[in-house]
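**Student:** when you get a sec, could you give me coordinates for this:
(chains A, B, C and D)
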2 protein chains.
Amino acid sequence: MKKEVVTLKKLAQILDLSTSTVSRALNDHPDISEETRTKVKNLAQSMNYVPNIFAKGFRNHKTNIIGVVVPNITHYFTTTMVRGILEEAAIRGYRVIISESNNDVKKQTEMLNTMMQFGVDGILASLTKMTRDVDAVLQTLNKLPLILFDKVSNKIPCTQVTINDEEAAYNAIEHLINIEKKRIAIIKEREFSYTSEKRYAGYLRALKEHNIKVDDKLVISVDDISLEQGKRMTNHLLSIKNRPDAIFAITDSAAVGVIQTLKKFNIKIPEDIAVIGFSNSRLSTVIEPNLTTVDQPGETIGRNAIKYLIDEIENKTQIVSNKMIEIKGSLIIRDSTFKV
Amino acid sequence: MKKEVVTLKKLAQILDLSTSTVSRALNDHPDISEETRTKVKNLAQSMNYVPNIFAKGFRNHKTNIIGVVVPNITHYFTTTMVRGILEEAAIRGYRVIISESNNDVKKQTEMLNTMMQFGVDGILASLTKMTRDVDAVLQTLNKLPLILFDKVSNKIPCTQVTINDEEAAYNAIEHLINIEKKRIAIIKEREFSYTSEKRYAGYLRALKEHNIKVDDKLVISVDDISLEQGKRMTNHLLSIKNRPDAIFAITDSAAVGVIQTLKKFNIKIPEDIAVIGFSNSRLSTVIEPNLTTVDQPGETIGRNAIKYLIDEIENKTQIVSNKMIEIKGSLIIRDSTFKV
DNA sequence: CTGAAAGCGCTTACAG
DNA sequence: CTGAAAGCGCTTACAG
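**Tutor:** Residues are numbered from 1 along each chain as shown, chains lettered A, B, ... in the order given. Purely as a prediction, here's the structure:
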């Protein structure tokens, strides 16, 4: 089963050179003569020489592996980010190991530790929902280049790559105001979710700038933002005295639940109540009416995150690396809000 | 930045033992006395000793990394399999590197090679659609434990883990026959897709066993099975003389396209035309009417695939390893077929 | 411009 | 039951 492996030593023997020279030639060391270098490289190529990555990693304390932690790999948006990460990693010669935290801080800590133990060169993390407990992340950051993406946290002094949640939400709400909605409800997550709070901030700013008073009864916070919760909260919103004429759900799933419930009660969308989601997931063009939502460029986010990380690993950036990178998301207007 | 690292040597010095002994104690070598072993283990624990995985991998020619190749990581069903793989990998002490082939044989070959070069212990592959060219896969199989899952191929003599496509399709068609459908169309992929052919085989068997003659005009093959193709092919099916009274699309996406088109023409579902998909994706409960479909237990498939692979890697199985493992999928009946 | 030698952290055949 | 030594494949400071 084991094939005869081509090593530096073997190449050296054949060329009657030392392994040192062969190694240097292959690594384009300036000391080596042009002639030797090409001779070595040609042989290496023709013999299909492949460096033993483990010997190399062992020697250099560098593995060219990047660890990625995400809360939930089955979310479509997450997979688009992962795709960007994988593509850019391949280009730059890195491999990626992925793990899922399932939104569990304890599991996330475990994952971070395993990855460090495993010797990854750096870590890309999208945090669990509750970012109260960030000790493990901070500790990891002490030892390794680490960059946050998507689910980030201002408690962690490192480079962070997200969508411009606040602005995107602002634009969504402004759109609702433009189509003459006055009582705009928001379904968001309970505090501690960075993303949700940002979107909420955009909601508040839009209302404020258009002189609409915030009605607390229209601000709904749930523990777990899901399709089911979208349904439940819509039932609730329909029961209050002065019901809303628009509902902004901070995820598409929840927005789908909203629409399904409104339809059950024969409420006209968007005439009676308009609906906006967030993500531009595949659901948004399957639900009827099609959902107005914010498109998040997942691949770009993933690609950027790993770019910054690799730059840090390879020390191309100074250590001033606590930038906030915001990738623009764009509002996609569909039937759930379009008609005035 | 670099922390002082605890190595075997350091432990040995402190305990006044040789590194050999410490190594053996930690690895539960039978030669070592109970006393020494516990002494060593206690110290290791208290000093937070973590073996250098790269030194270990280098030494043992074992990396505890498994490579996974999938056509498209953004498919929901794929992510559920990945989740099963990740969970089982963690339990068994393996790490997983993932890459996407984008249904491109050339890219798939590249991925396989990179992974081998990288020194993975084994590979889990879900193949590109066109499995005509399997040379690279066969070569990989020659050098490394390799198991196929989901998108498999009978041209490759190795263990394969899939859903029972044929039987699941058979059940779907039988269900349509039971609700008195006579002209059942199928939208499948052009040949070379193992999965599609299996489902088609189930279709044929069901018709045959119920004495329904196959009408070639109702067998639609497309290159790329997608929502758009579902729409287009439905338009086509509606235009033929004796139009179908049921459509079985071999993916949920295509089935959603089917339903959307039928609705556009105000055709009653399922009374006029019933629809069945395959996957139980999230779309299936958002589209209206909700889609009858086959639930594929992705996590179970992923978990099984990696189990067999690790068993092979660790030589727990004989080398007779060209089993076909079929995981049962179950028909989930919803409104797109339910009412008679 | 090239080579000999040491060493990264681990395991294991050999010796006692 | 324990230790000394070699070696996995690579890189690099040192020497010439």
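**Student:** run through who's touching stretch A:184-191.
**Tutor:** Residues outside stretch A:184-191 that contact it (CB atoms under 8 Å, 6 or more residues apart in numbering or on different chains) are A:129, A:173, A:176-177, A:196-197, A:199-200, A:203, A:207, A:212, A:218-225, A:229-230, A:233, A:237, A:244-250, A:254, A:258. Every residue, glycine included, has its C-beta placed from N, CA and C.
**Student:** is there a quick ChimeraX command that grabs whichever of those are buried?
**Tutor:** Under the burial definition 16 or more other CB atoms under 10 Å in any protein chain shown, those of the contacts of stretch A:184-191 that qualify are selected in ChimeraX by:
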select /A:129,173,176,177,196,197,199,200,203,207,218,220,222,225,229,230,233,237,244,245,246,247,248,249,250,254,258
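**Student:** domains for chain A, by residue range?
**Tutor:** By the assignment in automatic domain parsing, chain A contains the domains A:8-51, A:60-163+A:298-327, A:165-296.
**Student:** rounded mean pLDDT for the longest one, please.
**Tutor:** Across domain A:60-163+A:298-327, pLDDT averages out at 89.
**Student:** check contacts around residue A:247.
**Tutor:** Applying CB under 8 Å, 6+ apart, the residues near residue A:247 are A:184, A:185, A:186, A:187, A:234, A:237, A:255, A:258, A:273, A:274, A:275, A:276.
**Student:** my error: substitute residue A:259 in the last question.
**Tutor:** By CB under 8 Å, 6+ apart, the residues touching residue A:259 are A:269, A:275, A:287, A:288, A:289, A:291, A:336.
**Student:** so the second one is in contact with residue A:246, correct?
**Tutor:** Yes: proximity of residue A:275 to residue A:246 meets the contact threshold set by CB atoms under 8 Å, at 7.3 Å.
**Student:** these two touch, right, residue A:136 and residue A:106?
**Tutor:** No: the criterion here is CB under 8 Å, and residue A:136 misses it with residue A:106 at 9.0 Å.
**Student:** more crowded one of these two?
**Tutor:** Neighbour totals were compared for residue A:136 and residue A:106, and residue A:136 leads with 16 against 12 (other CB atoms under 10 Å in any protein chain shown).
**Student:** list the buried ones in stretch A:172-184?
**Tutor:** So for stretch A:172-184, counting by 16+ other CB under 10 Å, buried means A:172, A:173, A:174, A:175, A:176, A:177, A:179, A:181, A:183, A:184.
**Student:** which of these lies closest to residue A:326?
**Tutor:** Proximity of these to residue A:326 (CB to CB) peaks at residue A:172, which lies at 15.9 Å.
**Student:** how near is that closest one to residue A:47?
**Tutor:** According to CB to CB, to the nearest Å, residue A:172 and residue A:47 sit 59 Å apart.
**Student:** kindly report the same for residue A:229.
**Tutor:** The spacing between residue A:229 and residue A:47, counted by CB to CB, is 61 Å.
**Student:** same thing with residue A:247?
**Tutor:** Applying CB to CB, the value for residue A:247 to residue A:47 is 66 Å.
**Student:** the residue nearest to residue A:210 when sequence neighbours are not counted: helix or strand, and which one exactly?
**Tutor:** Spatial nearest neighbour of residue A:210, chain neighbours left out: residue A:177 (5.1 Å); criterion: CB to CB, 6 or more residues apart in numbering or on different chains. Element membership of residue A:177 [criterion: DSSP states H and E] is helix A:165-178.
**Student:** so which elements touch that helix?
**Tutor:** With contacts defined as 3 or more CB pairs under 8 Å, 6 or more residues apart in numbering or on different chains; DSSP states H and E, the packing partners of helix A:165-178 are strand A:184-189, helix A:194-209, strand A:246-249, strand A:274-276, strand A:293-295, strand A:330-332.
**Student:** compute the number of surrounding residues for residue A:41.
**Tutor:** By other CB under 10 Å, 15 other residues sit near residue A:41.
**Student:** list phi and psi for it.
**Tutor:** As for residue A:41, its main-chain torsions (degrees, to the nearest 10) stand at phi -60, psi -40.
**Student:** just give the nearest non-adjacent residue to the residue of the stretch 101-250 of chain A found nearest chain B, would you?
**Tutor:** Of all residues in the stretch 101-250 of chain A, residue A:117 sits closest to chain B, at 4.8 Å by CB to the nearest CB. Nearest residue to residue A:117 in three dimensions, chain neighbours excluded: residue B:50, at 4.8 Å (CB to CB, 6+ apart).
**Student:** now do residue A:40
**Tutor:** residue A:25 (3.8 Å).
**Student:** and the strand or helix carrying that neighbour, what's buried?
**Tutor:** Using DSSP H and E, residue A:25 sits in helix A:19-26. For helix A:19-26, the neighbour count (16+ other CB under 10 Å) marks A:21, A:22, A:23, A:24, A:25, A:26 as buried.
**Student:** correct me, but the last one touches residue A:44?
**Tutor:** Yes: counting by CB under 8 Å, residue A:26 touches residue A:44, with 6.2 Å between them.
**Student:** circling back: what pLDDT does the model give the residue nearest to residue A:117?
**Tutor:** For residue B:50, the model assigns a pLDDT of 80.
**Student:** run a quick neighbour tally on it.
**Tutor:** Using other CB under 10 Å: residue B:50 sits among 15 other residues.
**Student:** for it, give its distance to residue A:114.
**Tutor:** Counting by CB to CB, the gap from residue B:50 to residue A:114 is 10 Å.
**Student:** could you do residue A:88 as well?
**Tutor:** Computed as CB to CB, the residue A:88 to residue A:114 distance reads 23 Å.
**Student:** can you check residue A:61 too?
**Tutor:** Residue A:61 is 18 Å from residue A:114, by CB to CB.
**Student:** more neighbours: which of those two?
**Tutor:** Using other CB under 10 Å as the criterion, residue A:61 and residue A:114 rank with residue A:114 on top: 17 against 12.
**Student:** element containing the more buried one?
**Tutor:** Applying DSSP H and E as the criterion places residue A:114 in helix A:105-118.
**Student:** show me what that helix is packed up against.
**Tutor:** Packed next to helix A:105-118, using 3+ CB pairs under 8 Å, 6+ apart, are strand A:65-70, strand A:95-100, strand A:122-125, helix A:135-143.
**Student:** let's see it at 10 Å
**Tutor:** strand A:65-70, strand A:95-100, strand A:122-125, helix A:135-143, helix B:53-60, helix B:76-92, strand B:95-100 (3 or more CB pairs under 10 Å, 6 or more residues apart in numbering or on different chains; DSSP states H and E).
**Student:** and these as a markdown table, adding distance to DNA strand C?
**Tutor:** Converted to a markdown table, the helices and strands packed on helix A:105-118 look like this (distance: least, CB to the nearest atom of the strand, whole Å):
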| stretch | distance to DNA strand C |
| --- | --- |
| strand A:65-70 | 17 |
| strand A:95-100 | 20 |
| strand A:122-125 | 19 |
| helix A:135-143 | 15 |
| helix B:53-60 | 4 |
| helix B:76-92 | 17 |
| strand B:95-100 | 17 |
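**Student:** nearest spatial neighbour of residue A:200, chain-adjacent residues omitted?
**Tutor:** Residue A:200's closest residue in space is residue A:188 (CB to CB, 6+ apart), at 5.1 Å.
**Student:** give me the pLDDT value at that neighbour.
**Tutor:** The confidence metric pLDDT takes the value 96 at residue A:188.
**Student:** before we move on, what about residue A:331?
**Tutor:** Residue A:331 is given a pLDDT of 96.
**Student:** skip the chain neighbours and tell me the closest residue to it.
**Tutor:** Nearest residue to residue A:331, sequence neighbours excluded (CB to CB, 6+ apart): residue A:171, at 5.1 Å.
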